[in-house]
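In: Here's a sequence, model it:
(one chain, ligands or ions: 1)
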Amino acid sequence: MELLIAPGDITATTADVVVNAANSTLLGGGGVDGAIHRRGGPEILAECRRLRETELPDGLPAGQAVATTAGRLPARWVVHTVGPVWAKTIDKSATLASCYRESLRVAAELGARSVAFPAISAGVYGWPMDDAARIAVTTCREVAAQGAGSVERVLFVPFGERAEAAFRAALDAPDATGAPAET
Ligand code: APR
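Out: As a prediction, this is how the structure comes out:
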C-alpha cells in the first residue's frame with residue numbers, strides 16, 4: 001500500500017473512497033463535511049439519514065467509520081468517520097488513529113483500491129496539524145504493514161500550505177513500523 005500526498009480540495013479528488021471528517025450526527029456540517037455534501041449532492045445525506053433511522057440511531061461514535069454513496073463526487077463511496085475533539089489534558093490519539101484504521105477497514109470491505117483522507121480533526125476539532133499528520137501517516141503505515149486488503153493507495157489531501165507542509169514532513173519521517181519506504 002503506497003502513501004501519497006495530493007494537496008487540494010478533497011471533493012475534486014478522484015479515488016474509490018473519499019473520507020469525510022464528519023460529526024456523530026452524520027447530518028452534515030462545515031469544513032470537509034460541508035464541502036462533501038455540497039458537491040456530492042443530496043443522495044449522500046439521504047443515505048446518512050437512512051443510517052440514522054436504522055443501524056445508527058444514536059449517531060456514529062468518534063473513531064468509527066461508515067460508508068455511503070459518493071453521489072456526484074468523482075469517487076465511488078464516501079466513508080464518514082468522526083474524529084475526536086482535541087483536548088489539552090486528555091490524550092485521544094488512539095481515537096484519531098482509529099478513524100484512519102476503521103476507514104481503511106471499511107474501504108477494504110468495499111473492495112476499494114484507493115482512499116483519500118482529509119486531515120481529520122485538524123480543523124474545527126482543533127487538533128494540532130503536525131500531530132494530526134503524524135498520527136495519520138503512522139497509522140496508515142501500520143495498516144500497510146499488517147495488510148490493507150484491496151487498498152493499494154492512500155492519498156492524503158491537505159488543504160492549504162500549512163497542512164501540506166505538515167503531511168510532507170510526516171511522510172518524510174522514517175517509517176518506524178519497519179515496512180519498506182513508500183514509493
Ligand atoms: N478538502 C480537503 N480538506 C479540507 C476541505 C476540502 N474541501 N475543507 C476543509 N478541509 C480541511 C481543513 O482545513 C482541516 O485541515 O480538512 C481538515 C479537517 O477540518 P474540518 O473539516 O473542520 O474537520 P474536523 O476538524 O474533523 O471537524 C469536524 O467540523 O465540519 C464540521 O461537521 C463537521 O462537526 C464536524 C467537524
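In: Pull out the buried positions in the host helix or strand of F167.
Out: In this structure, F167 sits in helix 161-172 according to DSSP states H and E. Using 16 or more other Cβ atoms under 10 Å as the burial criterion, the residues of helix 161-172 that qualify are 163-164, 166-167, 170-171. Bear in mind the C-beta positions are built from the backbone N, C-alpha and C, glycine included.
In: tell me the mean pLDDT for that helix?
Out: Along helix 161-172, the predicted local confidence has a mean pLDDT of 98.
In: Just the CA atoms of it, as PDB, please.
Out: Backbone C-alpha positions of helix 161-172 (Å, rounded to 0.1, in the frame of the first residue of the first chain) are rendered in PDB as follows:
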ATOM      1  CA  GLU A 161       0.200  25.300   2.700                       C
ATOM      2  CA  ARG A 162       0.400  24.700   6.500                       C
ATOM      3  CA  ALA A 163      -1.300  21.400   6.200                       C
ATOM      4  CA  GLU A 164       0.700  20.400   3.200                       C
ATOM      5  CA  ALA A 165       4.000  21.100   4.900                       C
ATOM      6  CA  ALA A 166       2.800  19.000   7.900                       C
ATOM      7  CA  PHE A 167       1.900  16.000   5.800                       C
ATOM      8  CA  ARG A 168       5.100  16.200   3.700                       C
ATOM      9  CA  ALA A 169       7.100  16.300   7.000                       C
ATOM     10  CA  ALA A 170       5.200  13.300   8.300                       C
ATOM     11  CA  LEU A 171       5.700  11.300   5.100                       C
ATOM     12  CA  ASP A 172       9.400  12.200   5.100                       C
END
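In: Output the contacting helices and strands for that helix.
Out: In this structure, helix 161-172 makes packing contacts with strand 2-5, helix 129-146, judged by 3 or more Cβ pairs under 8 Å, 6 or more residues apart in numbering; DSSP states H and E.
In: Does anything pack onto the first one? Which helices or strands?
Out: In terms of contacts (3+ Cβ pairs under 8 Å, 6+ apart), strand 2-5 is packed against helix 129-146, strand 153-156, helix 161-172.
In: so which of the helices and strands packed on helix 161-172 gets nearest S24?
Out: Using Cβ to Cβ as the measure, helix 129-146 is the one of these that comes nearest S24, at 18.7 Å.
In: before we move on, the earlier item: and the buried residues of helix 161-172, which is closest to the ligand?
Out: A163 (4.9 Å; Cβ to the nearest ligand atom).
In: and that closest one, what does it touch?
Out: Contacts here follow Cβ atoms under 8 Å, 6 or more residues apart in numbering; on that basis A163 touches 7, 119, 122, 129, 133.
In: so which of these also contact the ligand?
Out: Contacts with the ligand are made by 119, 122 out of these, judged by Cβ under 6 Å from any ligand atom.
In: among the contacts of A163, which ones are buried?
Out: If we count by 16+ other Cβ under 10 Å, those have these buried: 7, 119, 122, 129, 133.
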